[in-house]
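>>> Give me a 3D structure for the following:
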Amino acid sequence: MTLLSATLGADGLLRKALLVIGGSLFIALAAQISVPMIPVPMTLQTLAILMVGFAFGSRLGAVTLLAYLAEGAAGLPVFANGMNGVAFAGPTAGFLLGFVLMAWAAGWAAERGLAKGFVGTVVSAVVISALLYVPGLAWPMAVANTFGLEAGWAGQGVGFYWTHFVAPFLIGDAVKAVIAALLVTGAWQVLRRRA
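Numbers count the residues shown, from 1 in each chain. This is a model prediction of the structure:
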């Protein structure tokens, strides 16, 4: 059971369509919020993706992210820093595509009861956030060159990607995992009190 099924249910095509649109807009808004941190600012984009996945479940979460990517591909400025489909040719394209798997994985964890308690949700969020680096790094390390993209960020060594693509974001990922766990656990507690 997910937060969505416990509160609103997920029956009906119109309801699901509205949830997908609302979820994609929530992620687009969160992507524009930048919190000052050291060593780099933290956007709330992946926090919103985790929340959509944990709340909506695997399938509806993944569909919501596909809608989000389609909005960006259509030219809407929904990605971080007001970017749109141009980002699919940039260094973060692998992360964008990985967002679908991130939402699916968070939903899968929720559906299996792994993301109900605080510790389980933190562990789930940390593991899912770490897995996002697989497609995120595969794009600049290998895939971009096969598509003929030549840029300073493509085809570099592991040290380059650790320094520029991973290390600066680890603290933010941990903070967002804890925030996601607090929100999910708090929502379940509210639901239990109402029952």
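>>> what ranges do the strands span in the chain?
Assigned by DSSP state E, the strands in the chain fall at 34-35, 42-43.
>>> What lies in contact with the worst-scoring helix or strand of the chain on mean pLDDT?
The weakest-scoring helix or strand in the chain, judged by mean pLDDT, DSSP states H and E, is helix 144-146 (a mean of 79). Here helix 144-146 makes contact (CB atoms under 8 Å, 6 or more residues apart in numbering) with 91, 93, 151, 153-155. C-beta: built from backbone N, CA, C; applies to glycine.
>>> could you dump these to CSV with neighbour count and distance to Phe118?
CSV is the format used below for the contacts of helix 144-146 (neighbours: other CB atoms under 10 Å; distance: CB to CB, whole Å):
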residue, neighbour count, distance to Phe118
Pro91, 19, 34
Ala93, 19, 34
Ala151, 13, 41
Trp153, 17, 37
Ala154, 18, 40
Gly155, 15, 41
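>>> Show me where the chain dips below the pLDDT cut-off.
The chain contains residues with pLDDT under 70 at 9-10, 195.
>>> Pretty sure Val91 sits against Met141.
Check again: residue 91 is Pro, not Val. No. Using CB atoms under 8 Å, Pro91 is not in contact with Met141, being 10.5 Å away.
>>> list the buried ones in stretch 174-193?
For stretch 174-193, the neighbour count (16 or more other CB atoms under 10 Å) marks 176-177, 179-181, 183-185, 187-188 as buried.
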